[in-house]
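Participant: Okay, sequence plus prediction incoming.
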Amino acid sequence: KAGVTQTPRYLIKTRGQQVTLSCSPISGHRSVSWYQQTPGQGLQFLFEYFSETQRNKGNFPGRFSGRQFSNSRSEMNVSTLELGDSALYLCASSLGSGRNNEQFFGPGTRLTVL
Amino acid sequence: GEDVEQSLFLSVREGDSSVINCTYTDSSSTYLYWYKQEPGAGLQLLTYIFSNMDMKQDQRLTVLLNKKDKHLSLRIADTQTGDSAIYFCAESFAGYSSASKIIFGSGTRLSIRP
């Protein structure tokens, strides 16, 4: 079974631009969660999508948004990029129901904002 | 509030046991996880423990949970150079059909010395 894939793996943007990251979950998984990882703040939860609906949200500004398609693939968008948005963005997929929602992580997209 | 704390660094000699500690604040968590992150990679789930268990052993890994003190530990027996990584403790608040929100600690960087 293929794992979680994220594209692109690396991205360089400049301040003010916008960016879209993509995540393909494990086949059969309906939940996709997004995390931001930085050296200073660690791993922070952005949001979770389940069956095309945002089910949970972390404490990030509205510049960070996402969506999920009917095939469970998810995209994350960041508008008006700031230097502080430079980070590794990780996506994780899970079945999305049941008591142990074990999450499987992709390799991440490393975003650098210049 | 929800908070998970870990020490940032641990150095052990090859062949010794490593013990990585974690404390959490929210007693409503259902599952507690240990993830491993190697350089340039995403997170890999190592093991998890349900919050009503005290201990779980899986080959070289032993997880101990003290729910009264909200303390979780991961013991790695016979530590090898391949165990060098950052280890994240995480707690989950997932339940049936609820959002799979996971709160991560800051990670403990384990280094192995010869």
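Facilitator: Perfect, I can see it now. From a predicted model like this one, the values you see are computed outputs, not experimental measurements. Numbering: from 1, shown residues only, chains lettered A, B, ... in the order given.

Participant: got any ranges where the chain has weak pLDDT?
Facilitator: Chain wasn't specified; assuming chain A. For chain A, the stretches with pLDDT under 70 are A:1, A:97-101.

Participant: wrong one, I was asking about chain B
Facilitator: For chain B, the stretches with pLDDT under 70 are B:1-2, B:93-101.

Participant: Show me where it has its strands.
Facilitator: For chain B, the strands defined by DSSP state E occupy B:4-6, B:9-13, B:18-24, B:31-37, B:43-50, B:55-58, B:61-66, B:71-76, B:85-92, B:102-104, B:108-113.

Participant: any idea how far A:F64 is from A:W34?
Facilitator: As for A:F64, its distance to A:W34 is 8 Å (criterion: C-beta to C-beta, to the nearest Å). The way it works is simple: take the backbone N, C-alpha and C, and place the C-beta from them, glycine included.

Participant: Next: A:E75.
Facilitator: In terms of C-beta to C-beta, A:E75 sits 10 Å off from A:W34.

Participant: Then B:A77?
Facilitator: Separation of B:A77 from A:W34 (C-beta to C-beta): 35 Å.

Participant: burial of B:A41, as a residue count?
Facilitator: Residues lying near B:A41 (other C-beta atoms under 10 Å in any protein chain shown) number 14.

Participant: Now do the contacts for A:S93.
Facilitator: Going by C-beta atoms under 8 Å, 6 or more residues apart in numbering or on different chains, A:S93 touches A:V4, A:C23, A:P25, A:I26, A:H29, A:S31, A:V32, A:S33, A:S72, A:Q103, A:F104, A:G106.

Participant: quick one, what contacts the first one?
Facilitator: Spelled out, it's A:V4. A:C23, A:S24, A:P25, A:I26, A:C91, A:A92, A:S93, A:F104, A:F105, A:G106, B:G42.

Participant: Show me just the buried residues among the residues you listed.
Facilitator: Buried by 16 or more other C-beta atoms under 10 Å in any protein chain shown: A:C23, A:S24, A:P25, A:I26, A:C91, A:A92, A:S93, A:F104, A:F105, A:G106, B:G42, out of the contacts of A:V4.

Participant: so the third one sits right up against A:S72, yeah?
Facilitator: Yep, that's A:P25 we're talking about. Yes: if you go by C-beta atoms under 8 Å, A:P25 and A:S72 touch, sitting 5.1 Å apart.

Participant: Which neighbours do those two have in common?
Facilitator: Shared contacts of A:P25 and A:S72 (C-beta under 8 Å, 6+ apart): A:V32, A:S93.

Participant: and the nearest residue to B:S29 once chain neighbours are set aside, how many neighbours?
Facilitator: Counting by C-beta to C-beta, 6 or more residues apart in numbering or on different chains, B:S29 lies nearest to B:E91, which is 3.8 Å off, once chain neighbours are set aside. Neighbour count for B:E91, taken as other C-beta under 10 Å: 26.

Participant: how far away is B:E91 from chain A?
Facilitator: Between B:E91 and chain A the distance is 12 Å, computed by C-beta to the nearest C-beta, to the nearest Å.

Participant: so what's that residue bridging to?
Facilitator: Under the criterion DSSP bridges, B:E91 forms beta bridges with B:L32, B:I103.

Participant: is it true that A:G96 touches A:H29?
Facilitator: Yes: using C-beta under 8 Å, A:G96 is in contact with A:H29, at 6.9 Å.
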